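> structural data only, the sequence is not supplied:
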């Protein structure tokens, strides 16, 4: 992909004497000067017939009674706020509708300050605009998922609308209502192009609607050519006409030219008969997936071999949230940035509801914490990432004054107690947890999976199973082809002391030093190759204390050790997690065996996958950052929703990627 920055280009506004915004880039207004709410209601709410459509029962779907709206041109978010208000305040909304999913595409987002200033003009919408402001960020390009309410989700795509729409998976839930609200076609033609209309058509169904204030001839013809049966309707106030449609004819949809490329990544859209799932593992990966499914109305059972959550890789007393950095733009860098941004907003949001173990202290990553084989370039980091994500050689004076080798400051970073966090996630309605359940085998039985323990004792059964048991994820016959590198990370817990008294942020150097919790600091972590059940040892504690002394120029006698803890991390060879539906590796190896003779061989047949079997593992030491987004990815896949990430990111996370690589490299 292109080597560009993750920094977005924000909108530049001129404010009139009446306090109304004008885009300096497009020399156009964001909404009607006289009655912004009236125009939005007339053109988009009534023009899409939302009230009547939500009064009727949803179409007959097995899983997903979710209504999807997509808007071209998010602007001041007025259309979204009005849709959300109608969704929650509709007096006759049919009880069959579960959730509202809103997709918004915006290339030049308003800054949070400008957005908040505008929202003051609409005090009646404050109960919706305030939570939006808590999740919203305009500084990062790419995709943002915002969980604004149990039944309302907003995906904001910051970038060129055509480019972002091309990244959307073909399996994503089709759009029910399209709102075209960009600046006027003569001033912003890119948002009214035939290519964009064709992409809209690829993500529509027979009752998909379109509403727009524009009645320009080329807009009407382009929509009609794409299959939308638009016609003129009375416009708002002094505007004579607008366009609207409630019918779509897909006969003229142009095929996606990339549809058959890399067919091993092509999945069928999930369509499960039940809304019950079993998750194997009560660590970060399993707990986040359980919560994401439960929020969609699924009944979830979590089985874990331990006697409490977070006993595996999540079992260190304190875990740090920071963004894994890259010097160049790539899909891997996109994934880790999006995961970090989602995690930081998510932890802040659930902390408002109840104690979640989250502490937004910030994280200072010292230069000597970097991977020596792939060193980062400070200038490249400053150019690539917005300052709200990472700042180079700046941060709290109490830390910066003692540094000599430079550092990276994550102002939105922090730390959690993983046990508190996991318990908070598992407290979601619809989740049942059963400890002391060691799943040894998965066996297919007609339309469900049997989960078997010792001596083939039946522990549970479900149509949908998620494997999220960290280092043990490759123990099943269906996952045996996966290879994880296991490392033991041992932390040492010390009592607070004068040397550590000023540590109020996480400091990641040769070791990671955490702020005090109950007068105890976690020093993490020594790493060594391991078996699945390592024990803490004195040598690792000694290494941790020596590294701590070097970081603070003190002797080991100044630190009074309290305890030790050890956890196993499972890494993949490319250091990306494995997230998605589980491939049938034996079948796919045969399907694509010709790749070992010709790496460029073309195939039409999609890959073989185990129906109803999913995986979230290989998060390594980045699990606090990646597991929240991975949980949303899996829940979206399982429920047949729109995915929170681009198809290219799904491909780099797909567990079959290693099989394809090995075939092409003639390793197998």
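That came through fine. Just so we're clear, the structure is a prediction, and the values are computed from it rather than from any experiment. Numbers count the residues shown, from 1 in each chain.
> all contacts plus neighbour counts: C-alpha atoms, from now on.
OK.
> least trustworthy helix or strand in the chain by mean pLDDT?
Every helix and strand in the chain was compared by mean pLDDT, DSSP states H and E; the lowest is helix 397-400, with a mean of 58.
> next secondary structure after that one?
Note on helix 397-400: by DSSP states H and E, the next helix or strand toward the C-terminus is strand 407-410.
> how distant is that following strand from the center of its chain?
Centroid separation for strand 407-410 versus its chain: 23 Å, with C-alpha atoms, centre = their mean, to the nearest Å.
> check which strands are paired with it and give the direction for each one.
strand 363-366 (antiparallel), strand 391-392 (antiparallel) (DSSP bridges).
> ok, residues contacting that strand?
Outside of strand 407-410, the residues within contact range by C-alpha atoms under 8 Å, 6 or more residues apart in numbering are 322-323, 362-367, 388-395.
> derive a ChimeraX selection command for the buried subset of those.
Of the contacts of strand 407-410, the buried ones go into a single ChimeraX selection, burial set by 16 or more other C-alpha atoms under 10 Å:
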select :322,323,362,363,364,365,366,367,389,390,391,392,393,395
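> can you pick out the most distant pair from the contacts of strand 407-410?
Longest distance between any two of the contacts of strand 407-410 is 19.1 Å, between 367 and 388; criterion C-alpha to C-alpha.
> centre of the chain to stretch 266-284, how far?
The answer for stretch 266-284 is 17 Å, by C-alpha atoms, centre = their mean.
> so where does residue 144 fall, helix or strand?
Assigned by DSSP H and E, residue 144 belongs to strand 142-149.
> buried sites along that strand?
Buried residues in strand 142-149, counted by 16+ other C-alpha under 10 Å: 142-148.
> equivalent analysis for stretch 207-214, please.
For stretch 207-214, burial by neighbour count (16+ other C-alpha under 10 Å) applies to 208-214.
> ok, now stretch 593-602?
593-596, 599.
> in CSV, list these along with pLDDT.
Listed next are those as CSV, based on pLDDT from 0 to 100:
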residue, pLDDT
593, 96
594, 96
595, 96
596, 96
599, 94
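> run through the stretch 501-650 of the chain and note the low-pLDDT ranges.
For the stretch 501-650 of the chain, applying pLDDT under 70 flags the ranges 531-532, 553-557.
> one more time with 90
Along the stretch 501-650 of the chain, segments meeting pLDDT under 90 span 501-502, 509-510, 525-537, 546-561, 565-568, 604.
> all helices for it, in order.
538-552, 585-591, 623-639, 647-653 (DSSP state H, counting those that start in this stretch).
> buried deepest among those helices, which one?
Counting by mean count of other C-alpha atoms under 10 Å, helix 623-639 has the highest mean neighbour count of those, with a mean of 25.
> what packs against it?
Helices and strands touching helix 623-639, by 3 or more C-alpha pairs under 8 Å, 6 or more residues apart in numbering; DSSP states H and E, are helix 284-294, strand 319-321, helix 331-353, strand 578-583, strand 609-617.
> what's the closest of the strands paired with strand 407-410 to residue 585?
The nearest among the strands paired with strand 407-410, by C-alpha to C-alpha, is strand 363-366 at 38.9 Å.
> outside of the closest one, which residues touch it?
By C-alpha under 8 Å, 6+ apart, strand 363-366 touches 320-322, 395, 405-414, 505-509.
> that one: how far from the chain's middle?
The chain centre lies 24 Å from the centre of strand 363-366; the measure is C-alpha atoms, centre = their mean.
> average pLDDT across it?
Average pLDDT, strand 363-366: 92.
> what's the answer for stretch 470-480, then?
On average, stretch 470-480 scores 95.
> so which of the buried residues of strand 142-149 is the closest to residue 303?
The nearest member of the buried residues of strand 142-149 to residue 303, counting by C-alpha to C-alpha, is residue 147 at 26.0 Å.
> any idea what the closest one is bridged to?
Beta-bridge partners recorded for residue 147 (DSSP bridges): residue 153.
> can you count the residues close to the residue nearest to residue 605 when sequence neighbours are not counted?
Excluding its sequence neighbours, the residue lying closest to residue 605 (C-alpha to C-alpha, 6 or more residues apart in numbering) is residue 263, at 6.5 Å. For residue 263, the tally of surrounding residues (other C-alpha atoms under 10 Å) stands at 16.
> from residue 604, how far out is residue 263?
With the distance defined as C-alpha to C-alpha, to the nearest Å, residue 263 ends up 7 Å from residue 604.
> for residue 106, same thing?
Taking C-alpha to C-alpha, one finds residue 106 at 35 Å from residue 604.
> who has more neighbours out of the two?
More crowded of residue 106 and residue 604, by other C-alpha under 10 Å: residue 106, with 24 against 11.
> per-residue confidence at the more buried one?
Per-residue pLDDT puts residue 106 at 97.
> look up phi and psi at it.
With angles defined as degrees, to the nearest 10, residue 106 sits at phi -150, psi 120.
> what lines up beside the helix or strand harbouring residue 100 in the sheet?
Assigned by DSSP H and E, residue 100 falls within strand 99-106. Strand 99-106 pairs in its sheet with strand 66-72 (parallel), strand 152-158 (parallel), by DSSP bridges.
> can those strands go into TSV with extra columns for mean pLDDT, mean neighbour count and distance to residue 424?
Compiled in TSV, the strands paired with strand 99-106 are given as follows (pLDDT from 0 to 100; neighbours: other C-alpha atoms under 10 Å; distance: least, C-alpha to C-alpha, whole Å):
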stretch	mean pLDDT	mean neighbour count	distance to residue 424
strand 66-72	97	23	26
strand 152-158	98	22	21
